[in-house]
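Undergrad: got a sequence here, can you build the structure:
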Amino acid sequence: MATSNSVKQHKLRKRIAWLSEQEGRGKEFISLYMPSAVSIEQVVATLKEESDSPARESESVKELFENALKAIIQHLKQHKEIPQNGLALFAGTFPSNGAEKEVLSVEEIIPPEPINNYSYLVDDHFHLETLREMLRDQKIIGILGLDSKQASFGIVNGERIEKIENISSGVAGKSGKGGSSQRRYERERDTSVTAFFHRIAEHAAKEFLENKVNVLIAGGPGQTKNDFLKGDFLHYELANMLLNVVDTQSASKEALKEVLDKSSEMLKTMCGPEEKKIVQRLMVSISKQDGLATYGLDSVLESLKKGEAQTAIVSDSTDIVELVAVCKKCGHPKTAIADKKTQTLQQMITSPCEKCSAASYEVRERDIIDVLEDLATQTNASVEVISTTSEEKAQLKTLGGFAAILRYKPVG
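TA: Next comes the predicted model:
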């Protein structure tokens, strides 16, 4: 099963955090961003032209830079082509993969979104802005404003409203006539409003579904918006995305900003639709006690190993890791899951090897989410990371930060 977007975002967030902590003695660190349009040969040739050491640096820093440049060129030669989304490389001498001593290393990241421009930067820190831009919540927000006279449609990009459209109904206002003439007029008006509702729904489906909207907020003056939303007009996918409905002064293009402003707090703290559905499904199973959910790290690990779990769910705020101490003499490993890493590691490396009694180890560390994903891959399960500050994340934390939706009720 393919890695979920939430896991990709979590891994990228962790890599960025680690790289941002590294500090050079001078301008010795190389940050290289390559779009798929360039070839490996082109990049290598360009880097060889960049071989001059940074000016006004000490001889030791110049040597570190030159070593990093050689390492990055050698690393590139191992690739046949640049991946579809491009490639980001970060080279320097720093602690790598849990090593106590500094080592020359090249860190490679295939980004979740395409890199558009080639960039080569040398500094005393890594330049991570391009990757940080990809850490935004993957929410594409559609805004709908309507009344009986007009409807406006907008799509939010960052904090700006883009792709604004407006349609008018041609429906006349309410009549002041009386008797049968008024009743006939109102029937005709109701028919016209219903026809306009269908036009709004068709336009919304085209604008929002084609642009991959996954959150919908709506507004307008009076009761019309509620009549539309309660009726069977809106495409079912859009109806399931509806997050908030607010009152506005009008249904014009200007009203879209009012809808967005009045929904801002809710948007800040919302889970993505998929995260929300998953956690809600989990909580329903737990409340029903139907045996199709479990929680707690040990229970989730066990359900993945047995193939019972369909989806493992984890909060991104956990610091739990898997420590593997491999005996340097015989290669025998011992493994521990730890949230108090230093204490657990000390216990592991001070006790002799169970197989040969030696007491010298090579230690490796893995994020618990990598452990869960490896187990999930073996049984075609999936892992979802809940990262947005939300009610759903708070619910998951009350369960210890780990839970799983099961394929079937375990026997025994």
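
Undergrad: when you work out contacts or count neighbours from here on, use the C-alpha atoms and nothing else.
TA: OK.

Undergrad: tell me which element Gln84 falls in.
TA: Per DSSP states H and E, Gln84 falls between elements, in no helix or strand.

Undergrad: which residue packs closest to it, ignoring adjacent ones?
TA: Leaving aside its chain neighbours, Gln84 sits nearest to Ser36 (5.4 Å; criterion: C-alpha to C-alpha, 6 or more residues apart in numbering).

Undergrad: same question for Met34.
TA: Using C-alpha to C-alpha, 6+ apart, the closest residue to Met34 is Tyr118 (4.8 Å).

Undergrad: how close does the one you found get to Val43?
TA: 9 Å (C-alpha to C-alpha, to the nearest Å).

Undergrad: again, but for Gln22
TA: Taken as C-alpha to C-alpha, the span from Gln22 to Val43 is 25 Å.

Undergrad: dump stretch 78-90 to CSV, restricted to CA.
TA: Below are the C-alpha coordinates for stretch 78-90, written out as CSV (Å, rounded to 0.1, in the frame of the first residue of the first chain):
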residue,chain,number,x,y,z
GLN,A,78,24.7,7.1,-8.4
HIS,A,79,21.4,8.4,-9.9
LYS,A,80,20.3,7.6,-13.5
GLU,A,81,17.8,10.5,-13.6
ILE,A,82,16.1,13.0,-11.3
PRO,A,83,12.7,11.9,-9.9
GLN,A,84,9.5,13.4,-11.3
ASN,A,85,9.1,15.8,-8.3
GLY,A,86,12.8,16.7,-8.4
LEU,A,87,15.5,16.1,-5.8
ALA,A,88,16.9,18.0,-2.9
LEU,A,89,20.4,17.3,-1.5
PHE,A,90,22.1,18.6,1.6
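
Undergrad: return the set of buried residues in the helix or strand of the chain at the bottom of the mean pLDDT ranking.
TA: Taking mean pLDDT, DSSP states H and E as the measure, the helix or strand of the chain with the lowest value is helix 264-268, at a mean of 73. For helix 264-268, a neighbour-count test (16 or more other C-alpha atoms under 10 Å) marks Leu267 as buried.

Undergrad: got the contact list for the helix or strand just after it?
TA: Proceeding N to C from helix 264-268, the next assigned helix or strand is helix 273-288, under DSSP H and E. Residues outside helix 273-288 that contact it (C-alpha atoms under 8 Å, 6 or more residues apart in numbering) are 214-215, 241, 291-294, 313, 384, 386, 392, 396, 403-405.

Undergrad: same question for stretch 353-368.
TA: Taking C-alpha under 8 Å, 6+ apart as the rule, stretch 353-368 contacts 97-98, 319-330, 332, 349-352.

Undergrad: buried ones among those residues?
TA: Buried among these (16+ other C-alpha under 10 Å): 320-327, 349.

Undergrad: of these, which pair is most distant in space?
TA: Largest separation among the buried ones among the contacts of stretch 353-368 by C-alpha to C-alpha: Ile320 and Cys327, giving 22.7 Å.

Undergrad: just for this protein, where's the confidence low?
TA: For the chain, the stretches flagged by pLDDT under 70 are 1-3, 51-55, 96-100, 136-139, 157-160, 172-180, 268-274, 388-390, 412.

Undergrad: domains of it?
TA: 5-135, 141-173+192-269, 274-406 (automatic domain parsing).

Undergrad: how about those in CSV, adding distance to Tyr185?
TA: Formatted as CSV, these follow (distance: least, C-alpha to C-alpha, whole Å):
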stretch, distance to Tyr185
domain 5-135, 53
domain 141-173+192-269, 10
domain 274-406, 45
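
Undergrad: compare those and report which one is nearest to Gln182.
TA: domain 141-173+192-269 (12.1 Å).

Undergrad: just how off-centre is the closest one within its chain?
TA: 26 Å (C-alpha atoms, centre = their mean, to the nearest Å).

Undergrad: same check on stretch 352-361?
TA: With C-alpha atoms, centre = their mean, you get 42 Å for stretch 352-361.

Undergrad: same deal with stretch 343-352?
TA: 35 Å.

Undergrad: quick check: bridge partners of Gly142?
TA: With DSSP bridges as the criterion, Gly142 is bridged to Ile155, Leu216.

Undergrad: I'd guessed it sits against Ser152; true?
TA: No - Gly142 lies out of contact with Ser152 (C-alpha atoms under 8 Å); the separation is 10.6 Å.

Undergrad: those two: which has the busier surroundings?
TA: Gly142 (30 against 27; other C-alpha atoms under 10 Å).

Undergrad: so who does the more buried one touch?
TA: 153-156, 208, 213-217.

Undergrad: what ranges do the strands span in the stretch 1-150 of the chain?
TA: 29-34, 87-95, 102-109, 119-123, 141-146, 150-157 (DSSP state E, counting those that start in this stretch).

Undergrad: adding distance to Asp374, write those out as TSV.
TA: Output for those, formatted as TSV (distance: least, C-alpha to C-alpha, whole Å):
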stretch	distance to Asp374
strand 29-34	29
strand 87-95	24
strand 102-109	19
strand 119-123	33
strand 141-146	33
strand 150-157	35
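
Undergrad: winner for burial among those?
TA: Among the strands of the stretch 1-150 of the chain, ranked by average contacts under mean count of other C-alpha atoms under 10 Å, first place goes to strand 141-146 (a mean of 28).

Undergrad: dump stretch 323-338 to PDB, restricted to CA.
TA: The C-alpha trace of stretch 323-338 is given here as PDB (Å, rounded to 0.1, in the frame of the first residue of the first chain):
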ATOM      1  CA  LEU A 323      16.300   1.600  19.500                       C
ATOM      2  CA  VAL A 324      18.300  -1.300  17.900                       C
ATOM      3  CA  ALA A 325      21.700  -2.200  19.500                       C
ATOM      4  CA  VAL A 326      23.700  -4.500  17.300                       C
ATOM      5  CA  CYS A 327      26.600  -6.400  18.900                       C
ATOM      6  CA  LYS A 328      29.800  -5.500  17.100                       C
ATOM      7  CA  LYS A 329      31.300  -8.900  17.800                       C
ATOM      8  CA  CYS A 330      28.600 -11.300  16.700                       C
ATOM      9  CA  GLY A 331      25.900  -9.100  15.100                       C
ATOM     10  CA  HIS A 332      23.100 -10.100  17.500                       C
ATOM     11  CA  PRO A 333      20.600  -7.300  17.800                       C
ATOM     12  CA  LYS A 334      18.400  -6.300  20.700                       C
ATOM     13  CA  THR A 335      15.500  -4.000  20.300                       C
ATOM     14  CA  ALA A 336      13.500  -1.700  22.600                       C
ATOM     15  CA  ILE A 337      10.700   0.800  22.100                       C
ATOM     16  CA  ALA A 338      11.400   3.900  24.200                       C
END
